[in-house]
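Undergrad: here's a sequence, model it:
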Amino acid sequence: MGYNSCPDCEYLLHTEDGKRFLYRNYYDSYWTPLVEQIGIDRTPHCTRHTCISMLSEAGVQDTTIKKIVGHSGAMTLTEKVYTHLDMQVLVDAINKTLENEDSVTADTKSA
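TA: Sure, this is the predicted structure:
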């Protein structure tokens, strides 16, 4: 469920009754049916590896990557205390992966 279904809810993603959306909820309700439908054998953790690789290949700063994928434990004290990333910075970083993929695809077609 999304924000609009319960604007007063404490969580952005939540269950129908406004409770925290747990990993198990996501995995059972969304992930498993999707991967079965498209016929792949991957875990959500695989997508984290791919995301990190794509962000790195697109030249996104390590601090931004850590923030996006939730690796706060890997952040230095300086990064944790003094780095405050605006949501737009994070969105722009993700968009860089799309731009990078477009340029890789274009390079492959011209080769």
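
Undergrad: could you chop this protein up by domain?
TA: When the chain is parsed with automatic domain parsing, its domains come out as 1-41, 43-111.

Undergrad: tabulate the ones you listed (TSV), appending mean pLDDT and mean neighbour count.
TA: (Each C-beta comes from the backbone N, C-alpha and C, glycine too.) Shown next, in TSV, are those (pLDDT from 0 to 100; neighbours: other C-beta atoms under 10 Å):
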stretch	mean pLDDT	mean neighbour count
domain 1-41	82	11
domain 43-111	80	13
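
Undergrad: helices of the chain, residue ranges please.
TA: 23-26, 32-38, 44-57, 62-69, 77-82, 87-110 (DSSP state H).

Undergrad: any chance of JSON lines for the ones you listed, columns distance to Cys6?
TA: Formatted as JSON lines, the helices of the chain follow (distance: least, C-beta to C-beta, whole Å):
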{"stretch": "helix 23-26", "distance to Cys6": "15"}
{"stretch": "helix 32-38", "distance to Cys6": "23"}
{"stretch": "helix 44-57", "distance to Cys6": "24"}
{"stretch": "helix 62-69", "distance to Cys6": "25"}
{"stretch": "helix 77-82", "distance to Cys6": "31"}
{"stretch": "helix 87-110", "distance to Cys6": "20"}
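
Undergrad: out of those helices, the one nearest Pro7 is which?
TA: helix 87-110 (18.0 Å; C-beta to C-beta).

Undergrad: what's the first-to-last distance across stretch 12-28?
TA: Counting by C-alpha to C-alpha, to the nearest Å, you get 19 Å between the two ends of stretch 12-28.

Undergrad: so how far is it off the chain centroid?
TA: 17 Å (C-alpha atoms, centre = their mean, to the nearest Å).

Undergrad: over to stretch 18-31?
TA: So, by C-alpha atoms, centre = their mean, the centroid of stretch 18-31 is 16 Å from its chain's centroid.
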